[in-house]
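Student: below is the structure, and that's it, no one-letter string:
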C-alpha cells in the first residue's frame with residue numbers, strides 16, 4: 001500500500017488519527033487511539049460503541065477517489081456489530097474493504113481490531129461524488 005500519512009483535523013472533521021495505507025476504491029487501513037484525555041471519554045474505561053462505529057465509518061470514507069481521500073459521504077449503515085469492548089488507551093486498527101461498486105456509491109465493510117482481535121464490524125454505503133465542470 002502507498003505510504004502512510006497523518007489525518008488533519010478541521011473541516012471536515014476527522015475522527016481517525018492516521019491513514020496507515022490505501023488502495024483507492026479497493027482497501028484502506030486507518031487507526032484510532034482512544035486516549036483518556038479525550039473529552040468524550042473522561043471517567044470511562046470502555047469506549048461507547050457509537051464512537052467505535054464513527055471511526056469505522058470514517059475509515060470507509062477514505063476508499064473513494066484517489067485524489068480526495070476521506071471525502072466519501074456516509075449514506076447509510078447497513079449492518080453494525082459489536083464483537084468485543086474497546087478500552088481507553090487501546091489502538092483500534094480499521095480495515096475497510098470494497099464489497100460492491102456502483103456509479104454513485106460504494107458498499108464497504110469496515111472491521112476494527114485491537115491487538116489483532118476483531119472488536120467491531122460494519123457494512124456501510126459510501127457516496128461518491130461525480131466530478132464535472134458543470135455546477136448543476
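Tutor: Thanks, I have the structure now. Note that the structure is a prediction, hence the values are computed from the model and not measured.

Student: please, which helix or strand holds residue 52?
Tutor: helix 49-60 (DSSP states H and E).

Student: how far does the following helix or strand past that helix sit from its chain's centre?
Tutor: Downstream of helix 49-60, the next assigned helix or strand under DSSP H and E is strand 73-82. The chain centroid and the centroid of strand 73-82 are separated by 11 Å under C-alpha atoms, centre = their mean, to the nearest Å.

Student: mean confidence (pLDDT) on strand 73-82, please.
Tutor: Mean pLDDT, strand 73-82: 94.

Student: list the helices and strands it packs on?
Tutor: The contact analysis (3 or more C-beta pairs under 8 Å, 6 or more residues apart in numbering; DSSP states H and E) places strand 73-82 against helix 49-60, strand 117-127. (Each C-beta comes from the backbone N, C-alpha and C, glycine too.)

Student: tell me who's in contact with the most centrally placed residue in the chain.
Tutor: Residue closest to the average C-alpha location in the chain (C-alpha atoms, centre = their mean): residue 59, at 1.6 Å. Residue 59 makes contact with 16, 28, 29, 30, 94, 95, 96, 110, according to C-beta atoms under 8 Å, 6 or more residues apart in numbering.

Student: same thing but 10 Å
Tutor: Residue 59 sits next to 15-16, 19-20, 28-32, 70, 92-96, 108, 110-112, 122, 124 when contact means C-beta atoms under 10 Å, 6 or more residues apart in numbering.

Student: and if you look at residue 111?
Tutor: 56, 59, 81, 83, 93-97, 118-122.

Student: what of residue 122?
Tutor: 52-53, 56-57, 59-60, 77-82, 94, 96, 108-112.

Student: for it, name its beta-bridge partners.
Tutor: residue 80, residue 110 (DSSP bridges).

Student: likewise for residue 73?
Tutor: Beta-bridge partners recorded for residue 73 (DSSP bridges): residue 127.

Student: what about it, how many neighbours?
Tutor: The tally of other residues near residue 73 (other C-beta atoms under 10 Å) stands at 13.
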